[in-house]
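In: Kindly generate the corresponding structure for this input.
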Amino acid sequence: MKRWRHFIVVISIIPALIIYVSFFMFTFDFITGYFWLLDWMIYITAGLLWLYPAAKVIKWLADHESN
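Out: Predicted coordinates for the structure are as follows:
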């Protein structure tokens, strides 16, 4: 069965998402609320930060799909 990688990603995405959101919820309590523009930059950065690891996981899945 070649689709075991998909199963690993599906099982690991939920705890990873919970950890990611929990980390940023905790840190946002300390670093936001001083200046609205800084808050926007922090939220945008945190919102886009997950794209790099997600792209790596998708590339990993796509590279091994044809094998």
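In: Name the single longest helix found in this protein.
Out: helix 4-31 (DSSP state H).
In: on contacts alone, who are the packing partners of that helix?
Out: Applying 3 or more CB pairs under 8 Å, 6 or more residues apart in numbering; DSSP states H and E, we find helix 4-31 packed against helix 36-49, helix 51-63. Where you see a C-beta, it was placed from the backbone N, CA and C, and this is true even at glycine.
In: hey, least reliable of these by pLDDT?
Out: The weakest mean pLDDT among the helices and strands packed on helix 4-31 belongs to helix 51-63, with a mean of 88.
In: Can you tell me what sits against that one?
Out: Residues outside helix 51-63 that contact it (CB atoms under 8 Å, 6 or more residues apart in numbering): 5-6, 9.
In: on that earlier part again, could you dump the helices and strands packed on helix 4-31 into TSV with distance to Ser22 added?
Out: Putting the helices and strands packed on helix 4-31 into TSV (distance: least, CB to CB, whole Å) gives the following:
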stretch	distance to Ser22
helix 36-49	12
helix 51-63	16
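In: mind putting those helices in a markdown table, distance to Tyr20 and mean neighbour count included?
Out: Shown next, in a markdown table, are those (distance: least, CB to CB, whole Å; neighbours: other CB atoms under 10 Å):
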| stretch | distance to Tyr20 | mean neighbour count |
| --- | --- | --- |
| helix 36-49 | 8 | 11 |
| helix 51-63 | 9 | 11 |
